[in-house]
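# Quick one: sequence plus predicted model below, questions after.
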Amino acid sequence: MSLTLGKLFDRNYNMQVPFLDGHYNIGTFFNKRSTNLLFSVEPDFNDMPSSYGVKINMFKNLKSSKFAETFLNLHNFKKTTLDIMNQFENIKDEYSYEISFILNETLKLSKIEVDGRDLFDTLNLYGFTMNGYNNEFIFIIAERQNILKKLGKKMVRTTAVQISTSNALNLLNEFNVESLKSGYEGQGNRTIIPSDEKPIITLDD
């Protein structure tokens, strides 16, 4: 099935990702001058039994994803020269043995000079799977880092696509329930970092 795209999307990066006994062809559509992102997902199978119950979900807001909520730390920051929303930071330490990277790529789209510094406009792609169902679960994050030269500002936005069998989704739900329960029970031990000790982030970050 072909997509008809308007002027919001003028570039496409294609990936072929193994899944069950076949592949999914995943296209990441983006714009070279903005943070707009969109996925296309096309199955490539000789025969995929319907009993697997494959489900595909796309997340414009990563905070609405159970996978991101459970396994990932997301970064948000905003100041005059930097506007970051739901950027992938790292895998939570307590789940480092439960999920694995399957993709980590950076496409440098252009080099832009701002105040004498060279900054790069990029598309970053991160892919994950759950080790318990490593051939039945895919979670891919596309991150756009777009430089607004006239404002001297970096914009960072993300979106994600998830492909999963019913069995893998059940495992994800179990991890999510466990994570929420653990987080609730540990609230009494939370440490608040004083504002003057928070890290300073520059436009180069």
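Happy to help now that I have it. Nothing here was measured: the structure is a model prediction, and the numbers come from that model.
# Quick check: closest non-adjacent residue to Leu37.
Spatial nearest neighbour of Leu37, excluding adjacent residues (Cβ to Cβ, 6 or more residues apart in numbering): Thr159 at 4.4 Å. The C-beta positions use only the backbone N, C-alpha and C, and glycine is treated the same way.
# Show me the helices in the chain, by range?
If DSSP state H is used as the criterion, the helices of the chain fall at 66-71, 166-185.
# Asn173 touches Thr70, doesn't it?
No. Under the criterion of Cβ atoms under 8 Å, Asn173 is not in contact with Thr70, lying 9.4 Å apart.
# Find the residue at the geometric middle of this protein.
Ile141 (2.2 Å; Cα atoms, centre = their mean).
# Please name the residues that touch Tyr13.
Gly27, Thr28, Phe30, Leu107, Leu123, Leu125 (Cβ atoms under 8 Å, 6 or more residues apart in numbering).
# what's the most distant pair in those residues?
Greatest spacing in the contacts of Tyr13, by Cβ to Cβ: Gly27 and Leu107 (13.5 Å).
# If you count residues, where's the longest strand of the protein?
strand 99-114 (DSSP state E).
# May I have the strands that pair with that one, each with its orientation?
Using DSSP bridges, strand 99-114 pairs in its sheet with strand 117-130 (antiparallel).
# Which strand residues bridge Phe101?
Beta-bridge partners recorded for Phe101 (DSSP bridges): Phe128.
# My read is that it contacts Asn131, right?
No. Checked against Cβ under 8 Å, the pair Phe101 and Asn131 is beyond contact range at 11.2 Å.
# which ones are touching the residue sitting furthest away from the middle of the chain?
Residue farthest from the centre of the chain, counting by Cα atoms, centre = their mean, is Gly116 at 30.8 Å. Counting by Cβ under 8 Å, 6+ apart, Gly116 touches no other residue.
# For the helix or strand of the chain with the lowest mean pLDDT, name the packing helices and strands.
Here the helix or strand of the chain ranked lowest by mean pLDDT, DSSP states H and E is helix 166-185, holding a mean of 89. Packing partners of helix 166-185 (3 or more Cβ pairs under 8 Å, 6 or more residues apart in numbering; DSSP states H and E): helix 66-71, strand 117-130.
# which of Asn173 and Thr70 has more neighbours?
Higher neighbour count among Asn173 and Thr70: Thr70, with 22 against 12, using other Cβ atoms under 10 Å.
# Hmm, Glu94 and that one touching each other?
No. Between Thr70 and Glu94 there is no contact under Cβ under 8 Å: 10.1 Å.
# what about Leu172, neighbour count?
22.
# and Gly53, what pLDDT?
With respect to pLDDT, Gly53 scores 88.
# next one: Val114
For Val114, the pLDDT comes out at 79.
# same deal with Lys150?
Lys150 carries a pLDDT score of 86 in this model.
# Give the burial count for it, as a bare number.
For Lys150, the count of nearby residues is 6 (other Cβ under 10 Å).
# List the buried residues for stretch 69-88?
69-72, 74-75, 82-88 (16 or more other Cβ atoms under 10 Å).
# Many thanks, I have nothing further to ask.
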